[in-house]
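Trainee: model this:
(2 chains)
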There are 2 protein chains.
Amino acid sequence: MAKYSIAILGAGNVGANLARVWIAAGHEVTFGLPNPHGEKARAVVASLGGKARAAVNKEAAASAQIVALCVPWPQAEAAIKSCGSLAGKTLIDCTNPLAPDLSGLTIGVTTSAGEEVATWAAGAAVVKAFNTIGASNFGNAQFGSQRADGFYCGDDAASKAKVRELIEAAGFDPVDVGPLRNARLLEPLAMLWIDLAVNQRQGANHAFKLLRR
Amino acid sequence: MAKYSIAILGAGNVGANLARVWIAAGHEVTFGLPNPHGEKARAVVASLGGKARAAVNKEAAASAQIVALCVPWPQAEAAIKSCGSLAGKTLIDCTNPLAPDLSGLTIGVTTSAGEEVATWAAGAAVVKAFNTIGASNFGNAQFGSQRADGFYCGDDAASKAKVRELIEAAGFDPVDVGPLRNARLLEPLAMLWIDLAVNQRQGANHAFKLLRR
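Mentor: As a prediction, this is how the structure comes out:
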């Protein structure tokens, strides 16, 4: 598998767990953070055995082939815009447009977070992925005899092929669900996962799978 | 299992296949149709070995404990209103608010077909079910060693228990995903199933499952 230089914007639950599995697969990770020398940045880098770097978004993105957007949705637009041009890069949108109280999504039907991100990142190839399951399952995707699926969608075949490898590196069976506009369908799927986990207090040990025969 | 008297509004793909599996499980089915003595009605009743009846919606619903809404979404409001009062009944909403060209849903985020149906059927207990998988899989839910899930949601526990039995009668593992407002999440899940099946020409042999550990 190719080794990628990846900028992860955000070092919360999603970003830190993606870093963990991608570093283990041999990829090079730089966190993009507003304060790359602060306590939070030092703590997450230390938790990864010092095997990641941290930089401001613009610097992290500049040297990366792949940028993963892992900030909360209200911060997504500013995070993207702080990167400068992302033209020619693969941009993985891991966000969900969650209402602050987790009661539902704030957009959908006629657009999606994935499509909004694409309007902010001119020239980047946006792939929606890693949004439909809690990050504690990254690298921990086995459910008995079954493996959880990693659903993704996007419009650029070459970028989707790279993201597919990164989904496999996180332990999931990759499932291509089509064009980026299908982020309108993956984000409600994520909301369903979150509703069961959080609002219905079922915890994080569930995952969606697309059975085929 | 209790035997129910069920009115199925509509005798298309969804209604006819639900009738088939429910009759096989010993339930009594009456189709609600605008023209219960017409050719289409006679054909579907004949295809079921004469083991169903057909009546106008009002008559079919009046004698039923459970009403299943299986008409295309643009006809849903008229079908419900033609039933007269559905107060005290369990109303299974099997619809999806599909755009006519199947490019997406027409409503969502802040409402759903399930919630709209509930506003039309005062006093009925609406349960969303049988909308997330193609009807050719009703009674045919095995995928290798795995069984497809039948997702449902609603606000009335007694009605959900009945619908759970009817989901099992159709061969699915029933999965309760919470309150009726989660129809906002099941309808996009259905759209994802349909998009893969129809728009992406993958056929009907796929199904969603919620893995747990």
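Trainee: can you give me the helices in chain A?
Mentor: For chain A, the helices defined by DSSP state H cover A:13-24, A:39-47, A:57-62, A:76-81, A:113-120, A:157-169, A:183-194.
Trainee: Looking at those, which one is packed in the most?
Mentor: helix A:183-194 (a mean of 26; mean count of other CB atoms under 10 Å in any protein chain shown). In short, each C-beta sits where N, CA and C put it, glycine included.
Trainee: so which of the helices of chain A gets nearest chain B?
Mentor: helix A:183-194 (3.7 Å; CB to the nearest CB).
Trainee: Phi, psi for A:Leu102 please.
Mentor: In terms of degrees, to the nearest 10, the main-chain angles of A:Leu102 are phi 60, psi 20.
Trainee: Point out the residues in chain A that sit beside chain B.
Mentor: Listed as neighbours of chain B in chain A under the rule CB under 8 Å from any CB of the partner chain: A:104-110, A:142-146, A:148, A:177-178, A:181-182, A:184-189, A:191-192, A:195-196, A:199-200, A:205-213.
Trainee: Give me the most central residue, chain A.
Mentor: Centroid check for chain A by CA atoms, centre = their mean gives A:Cys94 as the closest residue, at 2.9 Å.
Trainee: show me what contacts the residue nearest to it when sequence neighbours are not counted?
Mentor: Among residues not flanking A:Cys94 along the chain, A:Phe130 sits closest, at 4.3 Å (CB to CB, 6 or more residues apart in numbering or on different chains). If you count contacts by CB atoms under 8 Å, 6 or more residues apart in numbering or on different chains, A:Phe130 has them with A:14, A:18, A:68, A:92, A:94, A:138, A:150, A:167, A:170.
Trainee: can you list the residues you listed in a markdown table and add pLDDT?
Mentor: Below are the contacts of A:Phe130 laid out as a markdown table (pLDDT from 0 to 100):
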| residue | pLDDT |
| --- | --- |
| A:Val14 | 98 |
| A:Leu18 | 98 |
| A:Ala68 | 98 |
| A:Ile92 | 98 |
| A:Cys94 | 98 |
| A:Phe138 | 98 |
| A:Gly150 | 98 |
| A:Ile167 | 98 |
| A:Ala170 | 98 |
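Trainee: In CSV: these, plus distance to B:Ile8.
Mentor: Converted to CSV, the contacts of A:Phe130 look like this (distance: CB to CB, whole Å):
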residue, distance to B:Ile8
A:Val14, 44
A:Leu18, 47
A:Ala68, 47
A:Ile92, 44
A:Cys94, 42
A:Phe138, 44
A:Gly150, 38
A:Ile167, 41
A:Ala170, 44
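Trainee: Pick the one among the residues you listed closest to B:Lys160.
Mentor: Comparing these against B:Lys160 with CB to CB picks out A:Gly150 as the nearest, at 31.0 Å.
Trainee: Share the number of residues neighbouring that closest one, please.
Mentor: Per other CB atoms under 10 Å in any protein chain shown, the neighbour tally for A:Gly150 reads 27.
Trainee: Nice, that's everything, thank you.
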